[in-house]
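Trainee: Have a look at this prediction, sequence included:
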Amino acid sequence: MTKKRLSKALAGAGVASRRAAEELIFMGRVQVNGETVRVPQTLVDFASDRISVDGSLISKEQEKVYYMVNKPKGMICSNVRVGRRPIILDMFPHSNERLFTIGRLDRDTTGLLIVTNDGHFAQQVIHPSSNVIKEYLVKTVQEIEVKHLETLSEGARVDDKWVKPVSVRKVRRGTFKIAVKEGRKHEVRIIAERAKLDVVELTRIRIGGLLLGSLEEGSFRALTENDKKQIFSL
Ligand code: URA
């Protein structure tokens, strides 16, 4: 009998990344043998324990699936519906897998997002030691000047941490590209705001070595093995 930590077991079963699984546990949404468990370190075994999330029984393994999505504006990266707003999972209405997004984009951000049911893979992509850089194309009201580029390059405080971009480059008049290592909420918007730039459009164009390319807004395709490798290739 192999016992595993509850958070690891949930990630392995494809419920969410390890970190997101911990959040589900803390929120009281996970039951083991009918009891709500709030400790991610609790040892469990799929062979002998009944594990459920939000009342649905979780089975040990699912076939792993991986998609890249060009997230449309207005869609929310959440597994839980709040109100009537469309969520990313609405793009996969016929899927039997428990899908989730790897990281999140703001409601008004478009671009590259990975959707999967593989919690371990998600953990690898997110984990800082993997050094997966994310690049964004940003359109602004103002023309980009040298002073803006200087301030953008310094970064900004996002929550409790100073985030410094890996690179910043002007593309044309009111458009720049920025690459960041962190995956913090609103980070690019906060960095732009510090440089006194008003963001009109924000699009993620790259995750590691995986490019958004010509995938149209609102569409998705399955990732190939090579695409998955590309993510860790830069
Ligand atoms: N940074 C942001 O500000 N927003 C996103 O959606 C992603 C990165």
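Mentor: All right, it came through fine. Numbering: from 1, shown residues only.

Trainee: ok, residue 163 - contacts?
Mentor: The contact partners of residue 163, by Cβ atoms under 8 Å, 6 or more residues apart in numbering, come to 155, 156, 157, 180, 182, 184, 187, 190, 191. For every residue, glycine as well, the C-beta is placed using N, CA and C.

Trainee: quick one: which of those residues is most hemmed in?
Mentor: Ranked by neighbour count (other Cβ atoms under 10 Å), those have residue 191 at the top, with 27 neighbours.

Trainee: How much space separates it from the ligand?
Mentor: Distance of residue 191 to the ligand, computed by Cβ to the nearest ligand atom, to the nearest Å: 8 Å.

Trainee: Name the nearest residue to that residue, sequence neighbours excluded.
Mentor: residue 156 (4.5 Å; Cβ to Cβ, 6 or more residues apart in numbering).

Trainee: give me every residue that touches the one you found.
Mentor: By Cβ under 8 Å, 6+ apart, the neighbours of residue 156 are 162, 163, 187, 190, 191, 193, 194.

Trainee: wait, doesn't the first one sit right on residue 184?
Mentor: No. Between residue 162 and residue 184 no contact is recorded; they are 10.6 Å apart, counting by Cβ atoms under 8 Å.

Trainee: chain center to the helix or strand of the chain with the lowest mean pLDDT, what's the gap?
Mentor: The helix or strand of the chain with the poorest confidence is strand 56-57; it has a mean of 86 (mean pLDDT, DSSP states H and E). Centre-to-centre, strand 56-57 and its host chain are 24 Å apart (Cα atoms, centre = their mean, to the nearest Å).
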